[in-house]
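Engineer: generate a structure from the sequence data that follows.
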Amino acid sequence: MIVVSRKVDEWVQVGTDLFIAPTDIDARIVRVIVRGRMIGGPSDGLPFEAAHELSKGQSLPIGPFIHVTPVDIRPPVVQLGFDVPRHLPVHTKEHADALRRKKGKGAG
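Structural biologist: Numbers count the residues shown, from 1 in each chain. I've put the predicted structure just below:
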């Protein structure tokens, strides 16, 4: 499990086309929004967006291969745990953007 700490509206990128962020963090519940393209299963590649409320330890399946679980909730921060296949990178949005910029500079 990969654990990432996030505040409201701070995104996590899974693979290249899946994004998850908390939109509200309370003492016992976190509301997350998931948007992007489904990874795996019969809906592989299809665009989607969904919002869910999760308590600590409650797992949200995103397709057949990805699960997101709040492992600790301490407003204004939530620690989200990601169970993903090894070939899928999990990055904060800021880190993913920095990697993309670095890769773009290396190509030119």
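Engineer: might you report the residue contacts of the most centrally placed residue in the chain?
Structural biologist: When the chain is reduced to its mean C-alpha position, the nearest residue by C-alpha atoms, centre = their mean turns out to be Ile20, at 3.5 Å. Applying C-beta atoms under 8 Å, 6 or more residues apart in numbering to Ile20 gives the contacts Trp11, Val12, Val14, Val32, Ile33, Val34, Ile62, Val68, Leu80. Where C-beta positions appear, they are placed from N, C-alpha and C, glycine not excepted.
Engineer: if we use 7 Å, what do you get?
Structural biologist: With contacts taken as C-beta atoms under 7 Å, 6 or more residues apart in numbering, Ile20 has the following neighbours: Trp11, Val12, Val14, Val32, Val34, Val68.
Engineer: the last one: neighbour count?
Structural biologist: Pointing back at Val68 there. By the criterion of other C-beta atoms under 10 Å, Val68 has 23 neighbours.
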